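Student: Need a 3D model of the sequence below.
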Amino acid sequence: MARESRYFSLSLESLRAVGSWAADCAERVLPVYETHADADSRPRAAIEGIRVFAGGGKRTAQLRSLALSAYAAAREADDPAAAAAARAAGLAAASAYTHPLADVHQTKHILGPAAYAALALELNHAGDPNIGDGEVRWAIEHVTSEVREVLLQMPARQAGKNRLDKILYDLDAGIRSRAMPENGLH
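Tutor: Predicted structure coming up:
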């Protein structure tokens, strides 16, 4: 018998916290994308858009368009590392639309920007998993208590078969197990 998903309370302030952390993670790999497509500003625009929302701006249709544009940039990228960096930016912008649904698939809305950032750096360094693991550690060290609280409302991810699934699992497990200071890490 399948377990039914349940909804939980998710405020705009919590979504802003998720968006801010997601932007921090994705922005770290913008140079990977821009090295391969320096005239294409779609991923940067997506990160700028989520920063406006995270700073108190409205959640508008333009933010959704910025996310979709960054995804299009990822599809058009001819380099896997650049594509992963653009996906990180797209997912960061899309984090404003995380559903308050206790479903394991929703965890990708929170963890995706950090996971794709780690994958982008790893691919940019000849697939060295130590590079990706280092970026996962950075993301866990910089997560805030607000982001962790949202993630804890959702079921934990299981380890998957591919590298991205492993990165998502490591992020999820690391954030869940991290003892957070009262006001989070900054």
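Student: where's residue 149, which helix or strand?
Tutor: Using DSSP states H and E, residue 149 falls within helix 145-152.
Student: quick one: that helix to chain centroid distance?
Tutor: Offset of helix 145-152 from its chain centre (Cα atoms, centre = their mean, to the nearest Å): 13 Å.
Student: Which positions in that helix come out as buried?
Tutor: 146-148, 150-151 (16 or more other Cβ atoms under 10 Å). For the C-beta atoms, the positions are set from N, CA and C on the backbone; glycine is no exception.
Student: just checking, what packs against the helix ranked longest in the chain?
Tutor: Longest helix in the chain by number of residues, with DSSP state H as the criterion: helix 107-124. If you count contacts as 3 or more Cβ pairs under 8 Å, 6 or more residues apart in numbering; DSSP states H and E, helix 107-124 packs onto helix 12-27, helix 30-36, helix 80-94, helix 129-142, helix 145-152, helix 163-177.
Student: Generate JSON lines for the ones you listed, with distance to residue 58 and mean pLDDT as supplementary columns.
Tutor: Output for the helices and strands packed on helix 107-124, formatted as JSON lines (distance: least, Cβ to Cβ, whole Å; pLDDT from 0 to 100):
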{"stretch": "helix 12-27", "distance to residue 58": "9", "mean pLDDT": "98"}
{"stretch": "helix 30-36", "distance to residue 58": "24", "mean pLDDT": "96"}
{"stretch": "helix 80-94", "distance to residue 58": "14", "mean pLDDT": "98"}
{"stretch": "helix 129-142", "distance to residue 58": "26", "mean pLDDT": "97"}
{"stretch": "helix 145-152", "distance to residue 58": "19", "mean pLDDT": "96"}
{"stretch": "helix 163-177", "distance to residue 58": "28", "mean pLDDT": "97"}
